[in-house]
Structures are given as C-alpha cells and as structure tokens.
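Colleague: got a predicted structure here, sequence first:
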Amino acid sequence: MPAVCQSVRVIRAVVWDVDDTLFDYTTADRVGMGAHLAAEGLLDGYATAAEAVVRWREITDQQWARFSAGEVTFEGQRRERIRVFLGEALSDAEADDWFARYLRHYEAAWALFPDVLPVLDALAASHRHAVLSNSSLTVQDRKLRVLGVHNRFEVILCAAELGVSKPEAAAFLAACDALGLAPHEVAYVGDHPEIDGRGAAEAGLMSVWIDRNGVYAAGEAPTGPHRIASLAELPAVLGADTRFGAPSTFG
C-alpha cells in the first residue's frame with residue numbers, strides 16, 4: 001500500500017498575547033491595586049487587602065466582557081470598573097483621575113516573566129514576532145516600551161483599534177494578514193485556554209496555551225491548543241513536525 005503524503009506545518013512567525021503571557025499582569029495588578037486602595041483609604045470595608053483585590057478582578061472581568069462584546073468602549077469599561085467597585089456615580093473626569101492614581105502604583109510593579117527574554121532570544125533568528133492583544137494600542141505600546149521589548153515585534157495589534165477581539169477568528173487572521181502569512185504558518189501564544197487557546201486553533205493557527213498555574217489537570221483541558229507550563233518549552237513545540245490540518249493535542 002503506498003504511503004500517504006502529508007504536509008508538514010512550518011511555523012514562520014509567533015504572535016504573542018501580552019498580559020499574563022509576556023507581562024506578569026496578575027501580580028502587577030494585585031500589588032498595584034493593593035497599594036492604591038491602601039493609599040485611598042478604601043480597605044476598611046474588606047477583611048483583607050486580598051479580598052478587595054479579588055472584588056476588583058471580578059468587576060474587571062465583567063466589564064472586559066462587555067468591551068469584548070462591543071457594548072462599551074475601552075475607556076468606558078475602565079470607568080465602569082471604578083464606578084461599580086466604588087458604588088459611586090463618578091463623572092468621566094473623576095473616574096479617569098482615580099484610575100490615573102492607581103496606574104502609578106500598578107506601573108511600579110510592572111515586570112516580564114523570567115522566561116520571556118530567553119525565549120525571545122532563542123527564537124529571534126528563526127521566527128518573526130508580533131503581538132495581538134485584547135487591550136488598546138496606547139496601553140500595550142507604552143507597556144512594551146517600558147518593559148524593553150517593543151523592538152522585538154514587527155507588528156502590534158490591539159482589539160480597541162482593530163474593532164474585533166479574541167476569540168473571534170477575524171482578530172487572529174488580522175495578525176496573519178499584517179505579517180503577510182497564512183494562518184498555518186503562524187503560532188499564537190497566550191494564557192487563556194478559550195480566548196487565546198481555542199480561539200487561535202479555530203482560526204487555523206498553531207495554538208500554544210501557556211498554562212503557568214496548572215489550571216486544568218491532565219485530560220481535563222479543552223482540546224485544540226498545545227499546552228506548555230513554561231515558555232522554555234516553546235522552541236521544541238515550534239520545531240516539531242506538526243501535521244497540517246490535524247488537531248493539536250496537549251503535551
């Protein structure tokens with residue numbers, strides 16, 4: 001019986017998520033918001049600072065979902081997060097001032113994950129690099145500059161300017177178009193199993209989910225993306241002979 005010829009997927013570019021993939025957003029937000037709430041005298045209603053930060057994160061997730069659905073603007077979701085958290089009908093200017101005070105504490109805690117620079121160095125000569133984020137270009141462009149990695153990426157795309165958010169296929173395909181590559185030539189690396197992992201896989205990209213915290217036990221994770229626990233594993237995943245058109249599995 002003759003052998004069946006199958007194409008091999010050759011990955012030419014890596015498109016990256018930013019928050020909690022390259023940048024340790026969760027830690028920066030927790031530390032920054034804790035310091036901000038203490039400075040504002042807003043911890044009295046909570047048993048601990050951690051409890052207050054959890055409440056902030058819940059509201060952030062709710063308002064971010066509204067932004068992703070097109071119900072509010074990027075600036076609008078930010079202001080609504082503050083109004084809901086405080087339970088006050090602040091004006092836009094008052095909400096913006098409150099957020100600006102928070103940003104000073106938040107930005108003081110900014111840091112890349114320790115595995116980021118080594119993997120960017122390892123892949124610098126072999127792959128092109130871009131960013132696709134569900135944030136705004138104003139926010140992420142500045143963040144990448146402050147973190148010292150802006151020049152690592154030839155394309156930076158964000159949902160606020162694109163008008164479409166992950167996990168919609170159009171967001172991932174916009175990144176491929178910006179690179180001039182077909183989806184099967186591009187890998188996407190992100191921290192969210194659905195928004196990043198499944199979304200990229202369904203758009204036809206090689207999907208790599210960075211699961212730093214072991215969200216799912218073996219066999220419980222959604223199918224589609226490759227799962228890695230550290231970016232140190234990424235070069236091996238990109239170099240593997242992945243059969244084009246065949247679903248990826250978690251390693």
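Modeller: In hand now; what should we look at?
Colleague: does residue 176 really touch residue 182, like I thought?
Modeller: Yes - counting by CB atoms under 8 Å, residue 176 touches residue 182, with 6.6 Å between them. C-beta: built from backbone N, CA, C; applies to glycine.
Colleague: so for those two, which sits in the more crowded spot?
Modeller: Each of residue 176 and residue 182 has its neighbours counted (other CB atoms under 10 Å); residue 176 has more, 22 against 13.
Colleague: what residues are up against that one?
Modeller: Taking CB atoms under 8 Å, 6 or more residues apart in numbering, we find residue 176 in contact with 15, 182, 183, 185, 186, 205.
Colleague: would you map the strands across the protein?
Modeller: In the chain, the segments counted as strands under DSSP state E are 8-9, 13-16, 128-133, 155-158, 186-190, 206-210, 226-228, 242-243.
Colleague: ok, the fifth one: who's next to it in the sheet?
Modeller: Partner strands for strand 186-190, per DSSP bridges, with pairing direction: strand 13-16 (parallel), strand 206-210 (parallel).
Colleague: which residues of the stretch 101-250 of the chain fall in helices?
Modeller: 116-123, 137-146, 159-162, 169-179, 199-202, 234-239 (DSSP state H, counting those that start in this stretch).
Colleague: what comes up buried for the first one?
Modeller: Along helix 116-123, these residues count as buried under the neighbour rule (16 or more other CB atoms under 10 Å): 116, 117, 119, 120, 123.
Colleague: and if you look at the fourth one?
Modeller: Of the residues in helix 169-179, those scored as buried under the neighbour-count criterion (16+ other CB under 10 Å) are 169, 171, 172, 173, 174, 175, 176, 178, 179.
Colleague: next: stretch 20-36.
Modeller: Using 16+ other CB under 10 Å as the test for burial, stretch 20-36 gives 20-25, 28-36.
Colleague: for stretch 98-115, same thing?
Modeller: Buried residues in stretch 98-115 (16+ other CB under 10 Å): 98, 99, 102, 105, 106, 109, 110, 113, 115.
Colleague: for the residue lying closest to the first one once chain neighbours are set aside, what are its contacts?
Modeller: Computed as CB to CB, 6 or more residues apart in numbering, the closest residue to residue 98 that is not its neighbour in sequence is residue 82, at 5.2 Å. Residues in contact with residue 82 (CB under 8 Å, 6+ apart) are 90, 95, 98, 99.
Colleague: report the two of those separated the most.
Modeller: Based on CB to CB, the longest span within the contacts of residue 82 runs between 90 and 99 and measures 10.2 Å.
Colleague: now do the shared contacts for the two.
Modeller: Common contact partners of residue 90 and residue 99 (CB under 8 Å, 6+ apart): 79, 82.
Colleague: what's the pLDDT at residue 170?
Modeller: pLDDT for residue 170: 98.
Colleague: go on, residue 229?
Modeller: Note on residue 229: pLDDT of 93.
Colleague: same check on residue 217?
Modeller: With respect to pLDDT, residue 217 scores 56.
Colleague: export the strands of the chain to TSV and tack on distance to residue 70 and mean neighbour count?
Modeller: Shown next, in TSV, are those (distance: least, CB to CB, whole Å; neighbours: other CB atoms under 10 Å):
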stretch	distance to residue 70	mean neighbour count
strand 8-9	33	14
strand 13-16	22	25
strand 128-133	17	24
strand 155-158	15	20
strand 186-190	21	28
strand 206-210	24	26
strand 226-228	30	22
strand 242-243	34	15
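Colleague: closest to residue 67 out of those?
Modeller: Proximity to residue 67, assessed across the strands of the chain by CB to CB, is greatest for strand 155-158 (11.7 Å).
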